[in-house]
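Q: with the input below, show me the fold.
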Amino acid sequence: SVEAVDIRDYTTDKHRHVDDAPYGGGAGMVIQPAPVCDAYEALCKKLGKRPRVIYMTPQGRVFNQSIAQDLAKEEDLVFLCGHYEGIDERALELIHAEYLSAGDFVLTGGELPSMVMIDCISRLVPGVLGNGDSAEVESFYDNLLEYPQYTRPEVYEGKAVPGVLLSGHHKNIESWRREQSIRRTLERRPDLLEDAALTLKEQKFLDCLLKEQGESRLKELEQLVKEAVKNEETPGGIFDAYKKDITVWGRNDLKDVLDSNLGLKGSPTQIAKASDKVRKGAGEKVVLDPTASVNYIVDKLTEKHVL
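A: Residues are numbered from 1 along each chain as shown. Got it, this is the predicted structure:
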C-alpha cells in the first residue's frame, strides 16, 4: 500500500510554511530541514524501524530495472519528493537519503518520478502481478528488450503471426523469442548489449546480426564516399582505399584515409567515436560503427559543401 505524508503537518509555522530563502542568495526557495526530519522520525516511530529514504532529484543515479529489483526487496520505502530549489542539505544527511533520478531533465516536483518508480518496483513484489512470470520476461530482463507480442486474429491487414508461435513447439518458440529480443535490442538499444546475459549460441547469433548490419551500412558509407569523390574538390583515392578492405579497419588506418583523402582533421577521439569498441579476439582491429561513421562523414562533407 502507499501512504502520503504531508510535511506541512510537521511545521511549527502558523501559516504552515515549510520553505525559506536560501542562504547565500539566489533564486527560488528551499525546503527547511525540520519538517522533513520530523515527518521522517514520526514515520519511523510508527513503523518501529528506519526505512530507506529515496530522494527524487536530477542529481541522483538514473533509475533503471536493476535498481527497481533491488528496492523491491525492501519491506518499506520512503520516497521524498523535493520542490522549489530542493531540500536543506542537513535534512538529507540526517535521514541518510539516497538520490535517484527519473532522467536528465527537471520537473516541478518529485511526485511524478516517485509514482513511476513505485509502479515499477511494486510490480516486482511477489503476488502483485497475476502471472508470476510476467515481470521476469519483459524488457530489460537479462538486459534485453522484450520480444514482439501477437494475439488474435492470426492474420490482420495481410500481416500474419509468425508461424513458429503457432507451432506449439515450446523450445522453438523460446528460441525465437530470445533471438527477437536480441535483434530488437541491437536495433533500438544497442547500449544494453554490453551487459546482456547471452549464451554462447546467442552470442554467435548477435555476431551474425552485427556482421549483417555492418555490411549493409558500410555499403551506404561506400556509396556516400563514391558520390563525394565525384566532386572535383575531393581527391578520388579514398574510394580505392575503401575497396581494399571495406569491412574492417584499424583505427589509425581510418584516420589516415579521412585526413589525407577528405581533409577531415578529426581528433583521434572523434575517430574513435566513429568506431565500435575492440571486439574480443580482434586485437588492434576494430569494426566500424556504421551509423556513427556515416553520420560523421556526412556531417563533415556537408561542412565542406561537398554534400
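
Q: from now on I want contacts and neighbour counts done on CA atoms only, so please keep to that.
A: Noted.

Q: what about residue 94, distance to residue 203?
A: The gap separating residue 94 from residue 203 is 47 Å, by Cα to Cα, to the nearest Å.

Q: now residue 173
A: Applying Cα to Cα, the value for residue 173 to residue 203 is 18 Å.

Q: residue 27 too?
A: 53 Å.

Q: and residue 123, by the same measure?
A: 30 Å.

Q: which of these two has more residues huddled nearby?
A: residue 123 (18 against 14; other Cα atoms under 10 Å).

Q: I'd say the more buried one and residue 129 touch.
A: Yes - because the distance of 6.1 Å satisfies Cα atoms under 8 Å, residue 123 is recorded as touching residue 129.

Q: ok, residue 102 - how many residues close by?
A: Counted with other Cα under 10 Å, residue 102 comes out at 22.

Q: over to residue 30?
A: 20.

Q: which residues touch it?
A: Shown in contact with residue 30 (Cα atoms under 8 Å, 6 or more residues apart in numbering): 19, 20, 21, 22, 83, 84, 85, 86, 87, 88.

Q: got it, and residue 34?
A: Contacts of residue 34 (Cα under 8 Å, 6+ apart): 10, 11, 91.

Q: any chance of JSON lines for these, columns neighbour count, pLDDT and secondary structure?
A: Shown next, in JSON lines, are the contacts of residue 34 (neighbours: other Cα atoms under 10 Å; pLDDT from 0 to 100; DSSP: H, G, I helix; E, B strand; the rest coil):
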{"residue": "10", "neighbour count": "19", "pLDDT": "97", "secondary structure": "helix"}
{"residue": "11", "neighbour count": "19", "pLDDT": "96", "secondary structure": "coil"}
{"residue": "91", "neighbour count": "19", "pLDDT": "97", "secondary structure": "helix"}
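
Q: for residue 145, state which of the residues you listed is nearest.
A: residue 91 (38.7 Å; Cα to Cα).

Q: how about the secondary structure of residue 73?
A: coil (DSSP: H, G, I helix; E, B strand; the rest coil).

Q: that one: what's it in contact with?
A: Here residue 73 is in contact with residue 125 (Cα under 8 Å, 6+ apart).

Q: ok, 6 Å please
A: Neighbour list for residue 73: empty [criterion: Cα atoms under 6 Å, 6 or more residues apart in numbering].

Q: also residue 97?
A: 53, 54, 55 are the contacts of residue 97 under Cα under 6 Å, 6+ apart.

Q: listing partners with orientation, what would you give for the host helix or strand of the second one?
A: When you say that, I think you mean residue 54. Per DSSP states H and E, residue 54 falls inside strand 52-62. Next to strand 52-62 in the sheet, as set by DSSP bridges, lie strand 77-81 (parallel), strand 97-101 (parallel).

Q: list the contacts for residue 53?
A: 78, 79, 97.

Q: any chance of those residues in TSV, plus distance to residue 107?
A: Shown next, in TSV, are the contacts of residue 53 (distance: Cα to Cα, whole Å):
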residue	distance to residue 107
78	19
79	16
97	19
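
Q: of the residues you listed, closest to residue 150?
A: residue 79 (36.8 Å).

Q: next one, pLDDT for residue 130 please.
A: The model reports residue 130 with a pLDDT of 74.

Q: tell me the secondary structure at it.
A: With three-state DSSP as the criterion, residue 130 reads coil.

Q: for residue 165, which non-adjacent residue is spatially closest?
A: Nearest non-adjacent residue to residue 165, counting by Cα to Cα, 6 or more residues apart in numbering: residue 173, 5.9 Å away.

Q: same thing with residue 11?
A: residue 35 (5.2 Å).

Q: and the one you found, which helix or strand is it part of?
A: With DSSP H and E as the criterion, residue 35 is inside helix 33-47.

Q: before we move on, what about residue 206?
A: Counting by DSSP H and E, residue 206 is found in helix 200-229.

Q: can you pull out the low-pLDDT segments for the stretch 51-200 of the chain?
A: 131-139 (pLDDT under 70).
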